[in-house]
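Student: fold the following.
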Amino acid sequence: PRAKTKMDDADAMSESTLREAFSFFAKDDSGSISAEDLKEAMKKMGNALTDAEVKDIIKEAGSTKTNSITFAQFTRLMTVGARAIDQNEDDVVRTAFELFNKKGDGAIDAKEMQEGLATFGMTLTPRETDLVIAEATLTSTDATLANKVIKFDLFKKVVSMDSH
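Tutor: Here you go, the predicted model:
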């Protein structure tokens, strides 16, 4: 058997997924995520951090610098997070759902989907957004199809399809 690597710990997280996530946080080509980049990205995701929280995250990543995280450190941080996510998958999916469900009404409509995806750098036209919702609801018999919304159970099913 081959030796276990840090990437094995990521389970469902491939290196390309980690690199994509890293590039979301790292705003320049320096090869690291600055404290400012981390704070800005987390705010965009609806989780504003204090300077002390940013410093704690950077420290937890294993950075000897107090102002940045390298890709290797980011990977370590994400693999620790991935193990926690596995233990709390419903909570994580619920949190992701709430990032989109800004009205808090238990359903993601087209406008919320479009705005939520834009937060992650995915700009869609209204037509493309309708297609995303139509694809997600394709196998659903839920009465909400007529309303063009995605409720939590369907969101969870769609989000979990890639990881199982």
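
Student: how about the nearest residue to the residue nearest in space to the middle of the chain, chain neighbours excluded?
Tutor: Centre of the chain computed as the mean C-alpha position; nearest residue by C-alpha atoms, centre = their mean is residue 96, 7.0 Å away. Spatially, and ignoring its direct neighbours in sequence, residue 96 is nearest to residue 159 (6.6 Å; C-beta to C-beta, 6 or more residues apart in numbering). Backbone N, C-alpha and C define where each C-beta goes, glycine included.

Student: isn't the one you found right next to residue 93, touching?
Tutor: Yes - using C-beta atoms under 8 Å, residue 159 is in contact with residue 93, at 5.6 Å.

Student: which of these two has more neighbours?
Tutor: Shown here are residue 159 and residue 93; by other C-beta atoms under 10 Å, residue 93 has more neighbours (19 against 15).

Student: looks like residue 100 contacts residue 108 (just checking).
Tutor: Yes - between residue 100 and residue 108 there is a contact under C-beta under 8 Å: 4.6 Å.

Student: how far does the host helix or strand of residue 99 sit from the chain's center?
Tutor: Using DSSP states H and E, the element containing residue 99 is helix 89-100. Distance, stretch centre to chain centre, for helix 89-100: 9 Å (C-alpha atoms, centre = their mean, to the nearest Å).

Student: report all helices and strands that it contacts.
Tutor: helix 110-119, helix 152-161 (3 or more C-beta pairs under 8 Å, 6 or more residues apart in numbering; DSSP states H and E).
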